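J.: predicted model, plus sequence, below.
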Amino acid sequence: MKFDLFLFDLDDTLLDFRASEKLSFERSLEGILPADSLADLFHSYQIENRKLWQLFEEGNTTKDELKVERFRKTFSLHKIDADPELASRKYLEALPETVVLIDHAVEILEWLHPQGEIGIITNGIHHTQTQRIKNSPLGKYISFVSVSEECGFAKPDIRFFEHSSKMARSFDKNKAIVIGDRWEADIIGAHNFGVASCWFNPEGKVRPGDLPTVEVKHLSEIRNIISVSSWPWSR
């Protein structure tokens, strides 16, 4: 199997979103709340944020509602009298500046770059995602960035993958592979679209389903599996 289009998820695949999220959350509440109260608050925020992103991916909320509602719900749970719109604005200003790389991210893009085209496929806010890439050393290897906000549909919706494929210089389903950490958004999305996939699973989670995908724990392992002659996938 010879691939010439590598479609990478961004958050928690190439960039460590969990680390960036925590730093940005803390910065967004500087001057609003005392630092010693942020740990419990951040845990609640993560729960509410995940719920809202799930609703968004199901088409049951909008991106603008999500941005503010995650803070509104968090403040409400902790009975905090703070402005969720201000917190949201400060968070979105901080996030592009708090870039943390996943181990081997630069190394694997540098290795893949001569072999084909590299695109980013991400559910997120267009300005934030493109700025994070710009503020990282990854940008010079990336040909295009497909973001759900710009597309109007989110992974795993097949329309998002169709939109992304049109951004590539050339596209052949038999020569494209999706690499991502989220089973539902990345692996199921790739399968439904009819392209190969590689599940980045650094925590060694049990597979949630039985789909033909390869699995790596470290990004460096992609070197070993990307050019194997026997691939567990067929169109």
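T.: Received the coordinates, thanks.

J.: show me the shaky parts of this structure.
T.: Residues of the chain that meet the criterion pLDDT under 70 lie in 1, 35, 227-235.

J.: can you give me the domain assignment for it?
T.: Structurally, the chain divides into domains by automatic domain parsing as follows: 5-16+101-225, 17-97.

J.: how long is the last one end to end?
T.: Yep, that's domain 17-97 we're talking about. One end of domain 17-97 sits 12 Å from the other (C-alpha to C-alpha, to the nearest Å).

J.: strands of this structure, residue ranges please.
T.: Here the chain has its strands, by DSSP state E, at 5-8, 117-122, 144-147, 176-180, 196-200, 214-216.

J.: mean neighbour count for those strands - can I get that in a markdown table?
T.: Yep, even glycine has a C-beta here, placed from its N, CA and C like the rest. Converted to a markdown table, the strands of the chain look like this (neighbours: other C-beta atoms under 10 Å):
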| stretch | mean neighbour count |
| --- | --- |
| strand 5-8 | 26 |
| strand 117-122 | 25 |
| strand 144-147 | 20 |
| strand 176-180 | 26 |
| strand 196-200 | 25 |
| strand 214-216 | 18 |
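
J.: now do the buried residues in the biggest helix by length in the chain.
T.: Criterion DSSP state H: the longest helix present in the chain is helix 38-57. Neighbour-count burial for helix 38-57, counted by 16 or more other C-beta atoms under 10 Å, picks out 38, 41-42, 44-46, 48-49, 52-53, 56-57.

J.: and for Val145, nearest residue in space, chain neighbours not counted?
T.: Ile120 (4.4 Å; C-beta to C-beta, 6 or more residues apart in numbering).

J.: repeat for Ala176
T.: Per C-beta to C-beta, 6+ apart, closest to Ala176 is Leu5, 4.1 Å.

J.: got a list of what the closest residue to Thr122 other than its chain neighbours touches?
T.: Counting by C-beta to C-beta, 6+ apart, Leu10 is the residue found nearest to Thr122 once chain neighbours are left out, at 4.1 Å. Applying C-beta atoms under 8 Å, 6 or more residues apart in numbering to Leu10 gives the contacts 17, 120-122, 124, 129, 132-133.
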